[in-house]
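Asks: Sharing a model prediction with you, sequence too.
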Amino acid sequence: MTFQLGFNNNQEEVTWDNLYQEESFTEFTRLIIGCEDKEIPLILEFCKGMNGPFGLLHVLLVSRTGKEPGRYQSAKPLSYDELKLFLYENQEYFEQDGRSHLWVFSISNEGQFIYDNHNYIYAYGDLERLTSILKDKGFDEGEILIPTPHTHNYHVEFDDVEESLFNSIEWLYSPLLDSDDP
């Protein structure tokens, strides 16, 4: 998990029940999804039904290896198979370390998935299709709340992964935005 509750130096891992929640705003509606585990396979399941190609945005908030924190966008679109390979090769890093957010989006604007470092997914696109997938996987509608206080963990065992993922595809750098880490 990327974050834990910390009370009296006793840290307890936080996990979500398989829940989703719809949020409506004036400009858009999205889902917030809390998974018990395995967020990367769920994102890939959502992408499987799209035409592609796909883009990635790795929002590095904290680096343990000296990499400049910032927004790293894939320089070239990825096919579904390339996306699948990249995400599975780096699955544990994204699912178990709190140093970044991951955005996966279809270039054709069919959907976007933001895997937040609080281990939930913001999902945009065909919400009816996405909700159907979630229900088929046993997810229930419910409220997703980030516990407070909490801490984020940056694990030394993922330092090599941080280094290697930046060498696996070509990235375009831009500075962090104020909204990247509320």
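Replies: Okay, I see it.
Asks: And for the residue nearest to Glu23 when sequence neighbours are not counted, the neighbour number?
Replies: Of all residues not flanking Glu23 in the chain, Arg30 sits nearest, at 5.5 Å (Cβ to Cβ, 6 or more residues apart in numbering). Bear in mind the C-beta positions are built from the backbone N, C-alpha and C, glycine included. Arg30 sits with 20 neighbouring residues when counted by other Cβ atoms under 10 Å.
Asks: mind checking which helix or strand Arg30 is in?
Replies: Element membership of Arg30 [criterion: DSSP states H and E] is strand 29-34.
Asks: Direction included, what does that strand pair up with?
Replies: Here strand 29-34 is paired, per DSSP bridges, with strand 19-24 (antiparallel), strand 120-125 (antiparallel).
Asks: For the protein, which element, helix or strand, carries the lowest mean pLDDT?
Replies: Least confident helix or strand, the chain: strand 3-7 with a mean of 41, by mean pLDDT, DSSP states H and E.
Asks: wait, doesn't Gln73 sit right on Val59?
Replies: No. Contact between Gln73 and Val59 fails when scored by Cβ atoms under 8 Å: they sit 9.5 Å apart.
Asks: what touches both of the two?
Replies: Shared contacts of Gln73 and Val59, defined by Cβ atoms under 8 Å, 6 or more residues apart in numbering, are absent.
Asks: Those two: which is more packed in?
Replies: Shown here are Gln73 and Val59; by other Cβ under 10 Å, Val59 has more neighbours (22 against 17).
Asks: and Met113, what is it in contact with?
Replies: Heads up, residue 113 is Phe, not Met. Phe113 neighbours (Cβ under 8 Å, 6+ apart): Ile43, Phe46, Cys47, Trp103, Val104, Phe105, Ile121, Tyr122, Ala123, Tyr124.
Asks: pretty sure it belongs to a strand, no?
Replies: Yes. Counting by DSSP: H, G, I helix; E, B strand; the rest coil, one finds Phe113 located in a strand.
Asks: From Phe54, how far out is it?
Replies: Plainly put, Phe113 is 10 Å away from Phe54 if you go by Cβ to Cβ, to the nearest Å.
Asks: Write down the beta-bridge partners of the residue nearest to the spatial centre of the chain, one by one.
Replies: Geometric centre of the chain, nearest residue: Tyr115, 1.6 Å, by Cα atoms, centre = their mean. Residues in a beta bridge with Tyr115, per DSSP bridges, are Leu102, Ile121.
Asks: who's in contact with it?
Replies: Contacts of Tyr115 (Cβ under 8 Å, 6+ apart): Glu39, Ile40, Ile43, Phe94, His101, Leu102, Trp103, Val104, Ile121.
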